[in-house]
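**Student:** give me coordinates for this.
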Amino acid sequence: MSSSAVSFGQLLRRFRDNRTAASAVEFAIVAPLFLALLFAIIETALMFFAGQVLETMTQDAARMILTGQAQTANYQQTDFKTYVCNQIPAIFSCANLIVNVQSFSSPSSASYMSLFDASCNTPTLSYSPGGPGDTVLIQVGYKWQLFVTGFGSNIADCPNSQKKLVASAAFQNEPYSN
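**Tutor:** All right, here's what the predicted structure looks like:
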C-alpha cells in the first residue's frame, strides 16, 4: 500500500481532529438565531416607541379640542386629521392614520367605539368635538408594519404582519366661548 493512499477511516480521524474551522462552523450555526433574536428585539422596541409617539400625538390633538380651538376655527374631520398629520414624525404615514372624535353630553353617556373590527378593517369614523363642557373621546389608530415575524413569537394581530396601535384621550371640554 502506497503512502499516498489513505483509508476512509484515517480521513474521518483527520477530519475529526482538525479544529481549524470549528469557530466558523459554530458561528454559522449560532449567528442566524442570534441575528433573528436581535432584530426581533429591535423591532419590538421600535413598535413600543411608535406607540408612545402615537400617545403624545393624541394628547396634543386632544388639547386642540379641549381648549375649543378646533371648534372656534370650525374644523371639519379632514381639517382635524390634517392638524394631527402635521404632528407626525417620519415613522408614520398620514395616509394610514385613523382619527375618530366622539362627544357626549355627560361622562355617564360615553361609549367606546373600537377603531378596528375583527378583520382589522376600520368602521365609519366620526368627528364630533362637542361644545363647552361636553365629554369628548379622541382615538388615534395606526396599523404598524412588522418585518421580523414567524420566529415563534408573532405579535401581529392583523393580516399582512401588522400590529394595531391605538391611543385614546377622554376629557371634558373647557368652558370656552364661541
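**Student:** how near is Ser177 to Glu55?
**Tutor:** According to C-beta to C-beta, to the nearest Å, Ser177 stands 30 Å off from Glu55. Where you see a C-beta, it was placed from the backbone N, CA and C, and this is true even at glycine.
**Student:** er, Asp157 actually
**Tutor:** 18 Å.
**Student:** before we move on, the earlier item: just want to know which of Ser177 and Glu55 has more residues nearby.
**Tutor:** Shown here are Ser177 and Glu55; by other C-beta atoms under 10 Å, Glu55 has more neighbours (16 against 6).
**Student:** what's the helix or strand for that one?
**Tutor:** Assigned by DSSP states H and E, Glu55 falls within helix 22-66.
**Student:** quick one: low-confidence ranges for the chain?
**Tutor:** Scanning the chain for pLDDT under 70 picks out 1-5, 149-153.
**Student:** show me the residue at the heart of it, geometrically.
**Tutor:** Centroid-nearest residue in the chain, with C-alpha atoms, centre = their mean: Trp144, separated by 3.8 Å.
**Student:** work out for me the element that residue sits within.
**Tutor:** strand 135-145.
**Student:** the helix or strand just after that strand to helix 22-66, inter-axis angle?
**Tutor:** With elements assigned by DSSP H and E, the helix or strand that comes after strand 135-145 is strand 162-172. Here the directions of strand 162-172 and helix 22-66 differ by 30 degrees (axes from the mean of the first three to the mean of the last three C-alpha atoms, to 10 degrees).
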